[in-house]
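# Return atomic coordinates for the entry below.
(chains A and B)
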Amino acid sequence: MRIYLRLFAVQGAWNYETLIGNGIAFCMEPALRLLPGGVNGQRYNEALGRHARYFNSHPYLAGVAVGALARAELDNVPPAMIERFRTALGGPLGSVGDRLVWASWLPLCSLIALAIFGIGGRPLVVVAIFLAIYNGGHLAMRAWGLRVGFEHGLRVADALAHPVLRRGPQYIGSAAALLAGVAIPLAAYRLVGNDRSLAGSLILVAMIGGIAFARFGETIQGWRLSLAILGLFVLISVIV
Amino acid sequence: MNGVGLMSLIDLLPIAVLGALLGLDVVTFPQAMISRPIVAATAAGAFIGNASGGLVMGVVLELIALEMLPFGASKYPEWGSASVVGGSLFAAQEGDPAGALPVSLLAALCAATLSGWSMVRLRRMNAAHAARKRDALANGSQSAVVGLQLFGLTADFARGGFVTLVAMLAFSPLVRAVLRSWRTDASISLAVATGIAVAISASAVWRVFHGVAHARVLFIAGLAAGAVILVRG
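Here you go, the predicted structure:
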């Protein structure tokens, strides 16, 4: 439980040199106390030093690494083998998590919240449903990662072939793409005060503009463009 | 807490603490997405006494934020503290004056830029701090590992709070001043802010799900369903 709670702060010292490395050591530290010699024993210090180095992972899947590496240390696996395993594990945990969580699960939950707003959801309802659905997946993923990591140790690669990790982004992405088509117009309709004619023309123009921007403005980030257009609009609205 | 423009530093401190907490959630702790605009701006609005106003700002920012995926080392706007700023500014405008949404949205986007930049500075500061403790970390010092983690968490909390406070101090009087001189019609103002957000979100869906099979067909099918729902009321 102590390791699980520490996982929520795994990115506490995230930096461009060691990325999530110190966080991995921070999360593993309670398990390393069980090594022969205890806290500040030679095995403890060697292991902690080994895991505070560079490591990359999606934060929600860091538990897989923490569990597997802690298990390897407690099973007295040779340091060289742990190093090789550590190097091999980082990349997949980063890319799988990014695709599943940041590029699928988070947008889907955002779109659900936008759809609920669009059909008239009150503030507490919109926020509560978003947080409940998103964190249902989030908390379960962290717990699953730590459990399979500790259970499988250096054989954890098999667990990473889990269907949710392999096919999840495809299914969740499809659901999110479909929902986006419904949620965005509904949210826009409510934002413009339920004015159907204004909403209709606005959505049509914005969708065509948005898709054209996606196709031809690949090097420009949308929020920067928003900033520039809004700045210009505010200036015109005050001066003219 | 009405009339953000007239707030004193003492009045702004609770908002700054909220900005600090929600800014912390973006990367360092606990990443439960309480920092997403739809949550953070609504919470800020509720803090001011107008949760519905905060939610409107949250939805507009959420539409824009759909585009940004917080991949590890990439640089992106920090929406947690920025949404607190945007939600507070918009929710505090009594009587929903013309221009309140675009002006507050502009302030929130400026705050997101500032806050994103501060996050990069913090990451460099963490790296410098880790470099100073390199030997202790390599030797497996418990205090060095835990200390570095606590330093990063505390610094991120302070960063979010400071950014929120500075943005509120700068933008509260500015928003009031701009709204006093506002000349564009209220419905046009609302349509421009909403239109920009909808366009960016459509572009985000088009880009984010490009790797998903048939995503664009599904999106267009969803749009057709959305249109039917709107037309039929």
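
# which stretches of chain B form helices?
Secondary structure of chain B (DSSP state H): helices at B:9-27, B:37-48, B:51-65, B:79-91, B:100-132, B:134-138, B:142-180, B:186-208, B:215-232.

# For chain A, what's the nearest residue on chain B?
B:Gly222 (2.0 Å; CB to the nearest CB). The way it works is simple: take the backbone N, C-alpha and C, and place the C-beta from them, glycine included.

# correct me, but B:Leu22 touches B:Met33?
No: look at B:Leu22 against B:Met33 with CB atoms under 8 Å: they stay out of range, at 10.1 Å.

# More neighbours: which of these two?
B:Leu22 (28 against 22; other CB atoms under 10 Å in any protein chain shown).

# Would you point out which residue is most central in chain B?
The residue lying closest to the centre of chain B (CA atoms, centre = their mean) is B:Trp79, at 2.5 Å.

# Distance of that residue relative to B:Gly53?
Per CB to CB, to the nearest Å, B:Trp79 is found 18 Å from B:Gly53.

# now swap in A:Leu154 and tell me
Taking CB to CB, one finds A:Leu154 at 54 Å from B:Gly53.

# what sits against B:Val198?
The contact partners of B:Val198, by CB atoms under 8 Å, 6 or more residues apart in numbering or on different chains, come to A:Ile184, A:Pro185, A:Ala188, A:Leu202, A:Ile203, A:Ala206, A:Met207, A:Gly210, B:Leu63.

# By pLDDT, give me the weakest of those residues.
Lowest in pLDDT among these is A:Met207, which has 85.

# And the helices in chain A?
Going by DSSP H, chain A shows helices at A:2-7, A:21-32, A:42-51, A:62-74, A:79-97, A:106-118, A:123-152, A:163-191, A:196-216, A:222-239.

# who wins for proximity to chain B among the ones you listed?
Short answer: helix A:163-191, nearest of the helices of chain A by CB to the nearest CB, at 2.0 Å.

# which regions of the chain sit below the pLDDT cut-off?
Assuming you mean chain A. By pLDDT under 70, chain A has no low-scoring segment.

# look at chain B instead
Scanning chain B with the threshold set as pLDDT under 70 gives B:1-7.

# switch to 50 and redo it
Low-confidence segments of chain B, defined by pLDDT under 50: B:1-5.

# so what's the residue of chain B most remote from its centre closest to, chain neighbours aside?
Going by CA atoms, centre = their mean, the residue of chain B most distant from its centre is B:Asn139, 39.6 Å out. Counting by CB to CB, 6 or more residues apart in numbering or on different chains, A:Gly49 is the residue found nearest to B:Asn139 once chain neighbours are left out, at 5.6 Å.

# Could you do B:Val17 as well?
Closest to B:Val17 by CB to CB, 6+ apart is B:Gly161, at 6.2 Å.

# and the one you found, how far is that from B:Leu24?
Separation of B:Gly161 from B:Leu24 (CB to CB) stands at 9 Å.

# now B:Gly195
For B:Gly195, the distance to B:Leu24 equals 33 Å [CB to CB].

# thinking B:Gly226 is in contact with A:Ala180, fair?
No: taking CB under 8 Å as the definition, B:Gly226 is not a contact partner of A:Ala180, at 9.2 Å.

# Those two: who's more crowded?
Using other CB under 10 Å as the criterion, B:Gly226 and A:Ala180 rank with A:Ala180 on top: 30 against 24.

# If we ignore the residues flanking it in sequence, what's nearest the more buried one?
B:Val205 is the one closest to A:Ala180 (CB to CB, 6+ apart), at 4.3 Å.

# ok so, going back, and the residue of chain B closest to chain A, what does it touch?
Shown in contact with B:Gly222 (CB under 8 Å, 6+ apart): A:Ala177, A:Leu178, A:Leu179, A:Ala180, A:Gly181, A:Val182, A:Ala183.

# So what's the residue count around the last one?
In this case it means A:Ala183. Residues within reach of A:Ala183, counting by other CB under 10 Å, total 26.
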